[in-house]
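Asker: Next comes the sequence, and after it the predicted model I'd like to discuss.
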Amino acid sequence: MVDFIVNFIVSNPLFYTLVKILSIVLPLLGAVAYLTYAERKVMAAMHLRQGPMMVGPFGLLQPLADGLKLFSKETILPSKSNKVVFVVAPILTFILSLLAWAVIPFDEGMVLANINVGILYLFAISSLGVYGILMAGWASNSRYAFLGGLRSAAQMVSYEVSIGFVMVTVLLTTGSLNLSDIVLAERPFWMDMLLFPMFIIFIVSILAETNRTPFDLPEGESELCGGYNVEYSSMTFALFFLGEYANMILMSCLTVVLFMGGWLPPLGIEISWLSWVPGIIWFGFKVSTILFVFIWARATLPRYRYDQLMRLGWKVFLPFSLLWVVLVAGILVGTNTLPVL
């Protein structure tokens with residue numbers, strides 16, 4: 001019976017693709033739910049609190065209770081809002097957060113679409129994310145939401161520039177836009193050290209790109225009452241929430257692929273007593289490490305002022321990343337190690 005089901009799935013391309021998509025989307029939704037649990041527990045430990053502990057053993061059912069609460073609440077549409085755009089905005093944000101996962105390799109050969117321009121695809125999808133937030137801020141017909149939408153658009157565009165230069169630097173050292181090829185590319189230790197400053201810029205930039213602390217100015221409660229999603233409730237708010245956390249996991253995956261060897265063991269060393277560990281386990285461990293940095297930043301860092309945020313993006317990261325691209329290209333050409341695209 002099992003062989004019949006497997007053969008049926010493999011012999012029907014459309015059904016096979018649907019199964020592959022569900023095998024990514026369903027675990028992702030579960031990961032988003034329990035990332036919220038992990039965030040609350042880690043922050044509670046840092047603040048010497050207990051965090052969720054009442055719903056289920058150790059509070060493990062808290063994400064399910066939160067989801068049930070959001071599903072059961074009423075969806076309120078502001079009377080003076082543009083109702084069509086108001087509803088479409090969170091749906092667009094959530095769909096874009098899922099589309100980007102098509103090119104993420106979880107293990108060797110374990111990728112939905114192994115296209116040769118994976119980096120460009122991710123960059124295009126992340127750029128489109130601005131539209132959902134702008135639509136939400138405008139359609140709400142609220143000054144607070146509109147200001148939050150404008151802030152978020154400016155912030156995301158500003159830090160996408162430095163993220164783009166970081167990707168160009170990695171491209172120069174690997175000679176490929178394919179994410180699987182980037183993981184498998186031979187990079188000597190000195191080349192990894194050359195990329196380390198860009199790794200730091202990338203970590204800070206993805207915090208800003210996902211509107212996370214200390215760059216959560218679009219949602220600044222003290223001055224914007226919650227920002228672009230202040231008028232949203234129930235499942236429309238939950239879609240923004242899911243999109244934000246899915247983007248956090250996505251950016252962590254991209255960091256692991258570009259800088260941390262993807263599904264390969266740490267430092268590329270085959271350790272005999274760990275050789276049985278599947279690549280996807282290594283991948284998940286590295287992604288969890290980057291997600292811990294997201295939570296750590298939220299628990300410890302104060303929010304930036306908006307002028308500080310813009311100054312960091314345009315006056316520090318942009319010139320430094322551009323200079324580093326030129327420097328890396330010069331070193332690779334000078335040492336005759338520039339890969340051929």
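Answerer: That came through, no problem. Numbering: from 1, shown residues only.
Asker: All the helices of the chain, in order from the start?
Answerer: Ranges of helices within the chain are 2-11, 13-46, 62-72, 83-99, 118-139, 143-174, 179-184, 189-209, 221-224, 234-259, 279-300, 306-311, 318-334, based on DSSP state H.
Asker: Who are the packing partners of the longest one?
Answerer: So the one you mean is helix 13-46. On a contact count with 3 or more C-beta pairs under 8 Å, 6 or more residues apart in numbering; DSSP states H and E, helix 13-46 meets helix 2-11, helix 62-72, helix 234-259, helix 279-300. (Glycine included, C-beta is placed from N, CA and C.)
Asker: what's the angle between the last one and helix 13-46?
Answerer: So the one you mean is helix 279-300. Orientation check (axes from the mean of the first three to the mean of the last three C-alpha atoms, to 10 degrees): helix 279-300 against helix 13-46 gives 40 degrees.
Asker: Would you mind pulling the contact partners of helix 279-300?
Answerer: For helix 279-300, the surrounding residues in contact (C-beta atoms under 8 Å, 6 or more residues apart in numbering) are 35, 38-39, 42-43, 46-47, 106-108, 110, 203, 207, 210, 212-214, 248-249, 251-253, 255-256, 260-266.
Asker: picking up where we left off before, CSV for the helices of the chain, including mean neighbour count, distance to residue 52 and mean pLDDT?
Answerer: Below are these laid out as CSV (neighbours: other C-beta atoms under 10 Å; distance: least, C-beta to C-beta, whole Å; pLDDT from 0 to 100):
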stretch, mean neighbour count, distance to residue 52, mean pLDDT
helix 2-11, 10, 38, 59
helix 13-46, 15, 6, 88
helix 62-72, 15, 4, 88
helix 83-99, 19, 24, 90
helix 118-139, 21, 28, 87
helix 143-174, 21, 28, 87
helix 179-184, 21, 35, 90
helix 189-209, 18, 24, 91
helix 221-224, 12, 21, 61
helix 234-259, 22, 16, 90
helix 279-300, 17, 14, 91
helix 306-311, 14, 31, 88
helix 318-334, 15, 39, 91
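Asker: Residue 54 is nearest to which of these?
Answerer: Nearest to residue 54, of all the helices of the chain, is helix 62-72, at 8.0 Å by C-beta to C-beta.
Asker: residues in contact with that closest one?
Answerer: Under C-beta under 8 Å, 6+ apart, the answer for helix 62-72 is 33-34, 36-37, 40, 52, 54-56, 234-235, 237-238, 241.
Asker: For stretch 160-178, C-alpha coordinates in PDB please.
Answerer: Below are the C-alpha coordinates for stretch 160-178, written out as PDB (Å, rounded to 0.1, in the frame of the first residue of the first chain):
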ATOM      1  CA  GLU A 160      18.000  46.100   1.200                       C
ATOM      2  CA  VAL A 161      20.800  48.100  -0.400                       C
ATOM      3  CA  SER A 162      23.400  46.800   2.000                       C
ATOM      4  CA  ILE A 163      21.900  43.300   1.900                       C
ATOM      5  CA  GLY A 164      22.400  43.400  -1.900                       C
ATOM      6  CA  PHE A 165      26.000  44.300  -1.600                       C
ATOM      7  CA  VAL A 166      26.600  41.500   0.900                       C
ATOM      8  CA  MET A 167      25.100  39.100  -1.600                       C
ATOM      9  CA  VAL A 168      27.300  40.400  -4.300                       C
ATOM     10  CA  THR A 169      30.300  39.800  -2.100                       C
ATOM     11  CA  VAL A 170      29.300  36.200  -1.500                       C
ATOM     12  CA  LEU A 171      28.600  35.800  -5.200                       C
ATOM     13  CA  LEU A 172      32.200  37.000  -6.000                       C
ATOM     14  CA  THR A 173      33.700  34.300  -3.700                       C
ATOM     15  CA  THR A 174      31.500  31.400  -5.000                       C
ATOM     16  CA  GLY A 175      30.800  32.200  -8.600                       C
ATOM     17  CA  SER A 176      27.200  31.200  -8.500                       C
ATOM     18  CA  LEU A 177      23.700  32.500  -7.900                       C
ATOM     19  CA  ASN A 178      22.400  29.100  -7.000                       C
END
